[in-house]
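1. no sequence on this one, just coordinates:
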């Protein structure tokens, strides 16, 4: 089946098996390997992306279900990923607060956190912990992940952080 | 409060933000599963659904007819292509072990044992075709329980052996009979270390490319130990070592589970050679739960003999350690690492340890964060609490009466090690202050008096561990086949920039950053001017990789030594160019200065460039500042600390809530406080997870009941409080950096702290033991059993039991685990995933 999907601001049109998961489409068809796979039961959240601006585990969505929709991955979050000045505030906060160690859960964790802050720009610690329940990390004990989300929230990033850089540009244009 | 001020330099001792993060937060990573090569085929392993069976036939024809299939092989087809999986630690001369082929041929011995492989153009085609492989099994009895396995007439887990006991390993020191015969009080307990599944977030994966893709066979593997993989794959497959390159690219956590040589690494390389095409294998998480090693799984019988005043006299430990079905790389040695740690931080006259390694029809066990030391620490810290209860003294007071005093170091402890340094008083004092120990005791007493259903418990763990694996001579004496040294190289480039090569292989620890800090200070070059390279045997030809909290302690020491050699070479060049005597040239703050005329100076980077162009070097000097060093430690290092937990237990439901956790660790000098704190946080979470959340459960037929993240509860953010951490600093004397290692401390310390807290909360109900994980069911059951046995301090237990008497819990442990599994599929925090 043909899948037309806009990913990180670029329109793609590719064949997909009906059973292909969105995460497989992103990784294998589009080569967006920053979207990681950590389990086969939709528990871990490593593959979290935004679908039309809301976070979703991309292993729970079929590629064909994304047809006609917009996907934002970790690759599309920064305005310029090659320089810290171009990073999304959550990317900066995870770096500064040491909210990652091996980094495997990090893309999904950041995407989930971005949606969390979009919905609740000033979350309590408990709201952050509950909001990230669907994303597992085995390295950090979550302490510095919580601190990173708090830091990003304090930086006034709550409004529209789930809107990716290219979307923000489109909005402002 | 610190015991000794940590010397802070320009970089070392300060938080520097991690160099690794730029790739990781932007998704520009290179994990093994991200690798795609031209002509690459995908491998799927067909695995046994039976715990123990004869394999009577493997029919591949259905698979070979499927679209995209390139080849398929049974174990018999590949029998001559590789030897068995290596075990690097035959702990006794008479240890017995079954042959362990990459694919089973005649007999499978656990659910997940590989029997065939299918290779196809895409992963999906390989999965589809693997479904068509037909394997005939003739079932054999499954041996699941260790105690049953060692009973007379027990069924055999491996029919090629005549016993389930692989080895017995003893350690004795002092007159144990005298210690126990003269004792006033002897406390005896049996503790169960449940089986754990390491669950690094990146599943294992391997890509093997044949000769011709490059000039050598190349293996990319999600491994902690690329150097081990190179040595052992070459030996097992019969490849000349120089023709094999192993690369650990970005690796997403390990915790010991990637400290191994796995069947899939052997298969991928053998088949890449056979097919002349790159071969890739990536495990699914559920597959990994069967095919990647598990941790713990021990039964510990422990007895502590004391005088009436609580002075410890002697300790006996009789250990059963579940090997699983086969020996993996270090399987038999894991409980032996614990053998040295059972006496903890305490003085005593005698120690007697014995361990039996037992085969069962379950996934092999091997190193999991702490590897033997968490089990030992749990046992001693738990029984000290039990001893305090029997003596009627505060558990902290009993510890103080017995621990090694700070002025007694270096101290030859009863477990035959020499603790070089430590200050248990200082760490404990700081932890008590942070925790408000006395205040919390008063709060606990108030709750107790109020008679409510939510009772408080205070859990203590005053732990030590052995890190910095390891002195090679010690390893040799323990029959370990490798050494324990580490390697570093410093390459001074033309521009004055620096490449640091390390033989350690990070997978989340932050070596790029910490090694840059060490080299920046030692060489006097900017932190930003250094790149750290690792994890590739072609770049770092020597190394013994990352495990056992060894990287900084041994690898960092090697880097410091290599930097020292660079400075000495550069001093000679600088003296020559500054026209001064070498003895008159000082090096500080990145510059060589002539004593007495400080304005006459050259920076390290100027010297580096001058050496590179080599226009004017001292006569006979080689034109290079590059230096390397291999460092072999002469002792382990011994981090320690005091951890305190405040838990609340609902006596009606058994629900445990962790209200507060304070840890004060002494890991010696620190290079990067932020990284150290992060290691402690993560370690705490894993140790607390053993205490409260995790446990692998097999049924009587040997089926893994907790076969995925749905049933095996890896805790999430809501399951922990924010840990409160601090450090004291007592530098290690066993390495030049004064560092001790921090990777495993949190995990080792926290499990007994939590369980001691849980029991402390319900001690008045007669509870003196609770099985891990301390789930509502296990805690509730412990309360009911105590009530039934009438061991409560008062009628509290009977009252609690009466409330719940008609509400008997389910008796399948698996149901208990599943009951805790609360991660909702598809739940991504505040939004629900799904239809577009």
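-> Now that the structure is in, tell me what you want to look at. These numbers were taken from a predicted model, which means no experiment stands behind them.
2. find the nearest non-adjacent residue to residue 91, please.
-> Since you didn't name a chain, this refers to chain A. residue B:25 (4.2 Å; Cβ to Cβ, 6 or more residues apart in numbering or on different chains). Just so you know, the C-beta spots here come from the backbone N, C-alpha and C atoms, and that holds for glycine as well.
3. chain B is the one I meant
-> Spatially, and ignoring its direct neighbours in sequence, residue B:91 is nearest to residue B:332 (4.6 Å; Cβ to Cβ, 6+ apart).
4. the one you found contacts residue B:357, correct?
-> Yes - counting by Cβ atoms under 8 Å, residue B:332 does reach residue B:357; the two are 5.1 Å apart.
5. higher neighbour count, these two?
-> When neighbours are counted by other Cβ atoms under 10 Å in any protein chain shown, residue B:332 and residue B:357 differ, and residue B:357 comes out ahead with 29 against 26.
6. how distant is the helix or strand encompassing residue B:269 from the center of its chain?
-> Secondary structure assigned from DSSP states H and E places residue B:269 in helix B:263-275. Put simply, helix B:263-275 sits 27 Å off its chain's centre (Cα atoms, centre = their mean, to the nearest Å).
7. next one: stretch B:21-39
-> Worked out by Cα atoms, centre = their mean, stretch B:21-39 lies 25 Å from the chain centre.
8. endpoints of it, how far apart?
-> Using Cα to Cα, to the nearest Å, the end-to-end distance of stretch B:21-39 comes to 32 Å.
9. smallest distance to chain B belongs to which residue of chain A?
-> residue A:34 (2.0 Å; Cβ to the nearest Cβ).
10. which residue, other than its chain neighbours, is closest to that residue?
-> Leaving aside its sequence neighbours, residue A:34 sits nearest to residue B:27 (Cβ to Cβ, 6+ apart; 2.0 Å).
11. report all helices and strands that the helix holding residue B:269 contacts.
-> Applying 3 or more Cβ pairs under 8 Å, 6 or more residues apart in numbering or on different chains; DSSP states H and E, one finds that helix B:263-275 contacts strand B:41-47, strand B:69-74, strand B:114-120, strand B:205-209, strand B:217-221, helix B:226-237, strand B:279-282.
12. if we can go back for a sec, ok now do the residue nearest to residue A:91, which residues does it touch?
-> Contacts for residue B:25 (Cβ atoms under 8 Å, 6 or more residues apart in numbering or on different chains) come out as A:74, A:87, A:91, A:94-95, A:100, A:103, A:106-107, A:110.
13. okay, and which of these map to helices?
-> A:91, A:94-95, A:106-107, A:110 (DSSP state H).
14. can you flag the buried ones in the residues you listed?
-> Neighbour-count burial (16 or more other Cβ atoms under 10 Å in any protein chain shown) applied to those gives A:91, A:94-95, A:106-107, A:110.
15. could you identify the most distant pair in these?
-> Spatially, the most separated pair among these is A:95 and A:107, at 13.4 Å (Cβ to Cβ).
16. centre-most residue in chain A?
-> residue A:111 (2.4 Å; Cα atoms, centre = their mean).
17. quick one: that one and residue B:595, what's the gap?
-> 58 Å (Cβ to Cβ, to the nearest Å).
18. residue contacts, residue B:441?
-> residue B:458.
19. helix, strand, or coil at it?
-> helix (DSSP: H, G, I helix; E, B strand; the rest coil).
20. do the same with residue B:317
-> Per three-state DSSP, residue B:317 ends up strand.
21. excluding its backbone neighbours, what's nearest it?
-> Excluding the flanking residues, the one nearest residue B:317 by Cβ to Cβ, 6+ apart is residue B:353, at 4.6 Å.
22. the strand or helix carrying the one you found - contacts with which helices or strands?
-> Per DSSP H and E, residue B:353 falls inside strand B:350-359. Here strand B:350-359 touches helix B:146-149, strand B:165-173, helix B:176-181, strand B:312-324, helix B:334-339, going by 3+ Cβ pairs under 8 Å, 6+ apart.
23. deepest-packed of these, please.
-> helix B:334-339 (a mean of 27; mean count of other Cβ atoms under 10 Å in any protein chain shown).
24. what is the mean pLDDT for it?
-> The average pLDDT within helix B:334-339 is 97.
25. stretch B:762-780 too?
-> Per-region confidence: stretch B:762-780 scores 98 on mean pLDDT.
26. what of stretch B:562-582?
-> 97.
27. with stretch B:193-212 instead?
-> For stretch B:193-212, mean pLDDT rounds to 97.
28. before we move on, what about stretch B:387-394?
-> In this model, stretch B:387-394 has an average pLDDT of 97.
29. now swap in stretch B:272-286 and tell me
-> 98.
30. give the buried residues for that stretch.
-> B:272-274, B:277-286.
31. could the residues you listed go into CSV alongside distance to residue A:137?
-> Formatted as CSV, the buried residues of stretch B:272-286 follow (distance: Cβ to Cβ, whole Å):
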residue, distance to residue A:137
B:272, 33
B:273, 38
B:274, 39
B:277, 36
B:278, 31
B:279, 31
B:280, 26
B:281, 25
B:282, 20
B:283, 19
B:284, 20
B:285, 15
B:286, 20
